[in-house]
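Asks: What follows is a protein structure lacking sequence information:
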């Protein structure tokens, strides 16, 4: 099968095409023909060796945790999926090896897969797993926002932020989002009240909510929460996907929870959750896709398509 691999740590320049054997399928695994694989900043961090001290790595590595595709062959202990069924998956493993989504085929643990939202293209659906799980777990489990509350999301137009605002809106919560002016119209289409980044952001939020917001989700980091602390009321709940160790702030780390992934599928199929795809690339241009993600500036997910 065709795949993109790296054989040493580094940036996009270490990603290269390879011909590899078809993955073996264990009894509780499902062989999936990948149609689309979404990129995430975590891909670049792992590829650069940022977690070398925490994650065992066996080169060559196929990067990519988020996939959408079609079941090629279910294992004997995976009867819930049938040949030809469309699925999405968060195929992160405890080790790094030739097992990621930037390949024509991936053998995925059955517990990492759910059916694909019927109303989404593969490129859109591939953008759901990591960003969607992170957003869902922050909004629903950690902040537990309610219909009579107001949530402020920093980085509301980003990968996690744009899904978080939609999940909060689906719960009936009023949502204010910080973003660059070019994304304000997009946020309005999601029902979000946009506020510009930078100096004066907290004051702009207070103009909209004089008593202060009830909860804050930070997807930006770099002291964003501290600089805009006055936007929140006393006792407001706060969570961050971008900073750890901040007093009074819950850190958010994505965990694979199949019920949460199913909830995202239901939200998508009810029309309350969409994924904004900013750019797509073919498999052999995956390194270019990584460079585009590293450079920033593309509004929406960057996805590698495989047909």
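Replies: It's in. Quick caveat, the model's predicted, so the values are computed rather than measured.
Asks: Tell me the buried residues in stretch 92-104?
Replies: The neighbour-count check on stretch 92-104 (16 or more other Cβ atoms under 10 Å) flags 92, 96, 98-104 as buried. In this view, the C-beta of every residue, glycine as well, is placed from N, C-alpha and C.
Asks: For it, give the mean pLDDT please.
Replies: For stretch 92-104, mean pLDDT rounds to 93.
Asks: what about it, distance to the chain center?
Replies: 16 Å (Cα atoms, centre = their mean, to the nearest Å).
Asks: can you pull out the strands in the stretch 101-250 of the chain?
Replies: Ranges of strands within the stretch 101-250 of the chain are 105-109, 113-115, 150-154, 174-179, 193-196, 213-218, 232-240, 250-251, based on DSSP state E, counting those that start in this stretch.
Asks: need these in CSV with mean neighbour count and distance to residue 41, can you?
Replies: Below are these laid out as CSV (neighbours: other Cβ atoms under 10 Å; distance: least, Cβ to Cβ, whole Å):
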stretch, mean neighbour count, distance to residue 41
strand 105-109, 23, 21
strand 113-115, 22, 23
strand 150-154, 28, 16
strand 174-179, 26, 18
strand 193-196, 20, 23
strand 213-218, 26, 15
strand 232-240, 17, 15
strand 250-251, 14, 16
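Asks: In CSV: these, plus distance to residue 260.
Replies: Shown next, in CSV, are the strands of the stretch 101-250 of the chain (distance: least, Cβ to Cβ, whole Å):
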stretch, distance to residue 260
strand 105-109, 16
strand 113-115, 10
strand 150-154, 18
strand 174-179, 20
strand 193-196, 27
strand 213-218, 16
strand 232-240, 15
strand 250-251, 16
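Asks: Among those, which comes closest to residue 9?
Replies: When the strands of the stretch 101-250 of the chain are compared for distance to residue 9 using Cβ to Cβ, the nearest one is strand 105-109, at 21.8 Å.
Asks: Would you list the strands that that closest one pairs with, along with their directions?
Replies: Paired neighbours of strand 105-109 in the sheet (DSSP bridges): strand 29-38 (antiparallel).
Asks: continuing past the strand it pairs with, what's the next helix or strand?
Replies: On the C-terminal side of strand 29-38, the closest following helix or strand by DSSP states H and E is helix 41-47.
Asks: Next one: residue 260 from residue 111, what distance?
Replies: Remark: distance between residue 260 and residue 111 (Cβ to Cβ, to the nearest Å) = 12 Å.
Asks: the more surrounded of the two?
Replies: Counted by other Cβ atoms under 10 Å, residue 260 and residue 111 do not tie: residue 260 has more neighbours, with 21 against 16.
Asks: In contact with the more buried one, which residues are there?
Replies: 133, 136-137, 140 (Cβ atoms under 8 Å, 6 or more residues apart in numbering).
Asks: SS state for residue 67?
Replies: What DSSP: H, G, I helix; E, B strand; the rest coil gives for residue 67 is strand.
Asks: how much space between residue 8 and residue 16?
Replies: From residue 8 over to residue 16 the distance is 10 Å, taken as Cβ to Cβ.
Asks: ugh, wrong one, I meant residue 105
Replies: 18 Å.
Asks: what's the answer for residue 30, then?
Replies: Remark: distance between residue 30 and residue 16 (Cβ to Cβ) = 27 Å.
Asks: residues near residue 55, how many?
Replies: 14.
Asks: which residue sits closest to it in space, ignoring its chain neighbours?
Replies: residue 96 (5.7 Å; Cβ to Cβ, 6 or more residues apart in numbering).
Asks: which residues does the one you found bridge with?
Replies: residue 57.
Asks: Now residue 297: which helix or strand?
Replies: With DSSP H and E as the test, residue 297 turns up in no helix or strand.
Asks: Would you list the phi and psi of it?
Replies: phi 90, psi -10 (degrees, to the nearest 10).
Asks: ok, which stretches of the stretch 1-150 of the chain are helices?
Replies: Using DSSP state H, counting those that start in this stretch, the helices of the stretch 1-150 of the chain run over 41-47, 122-125, 129-136.
Asks: Closest one of the contacts of residue 260 to residue 284?
Replies: Nearest to residue 284 among the contacts of residue 260: residue 133, at 28.9 Å, using Cβ to Cβ.
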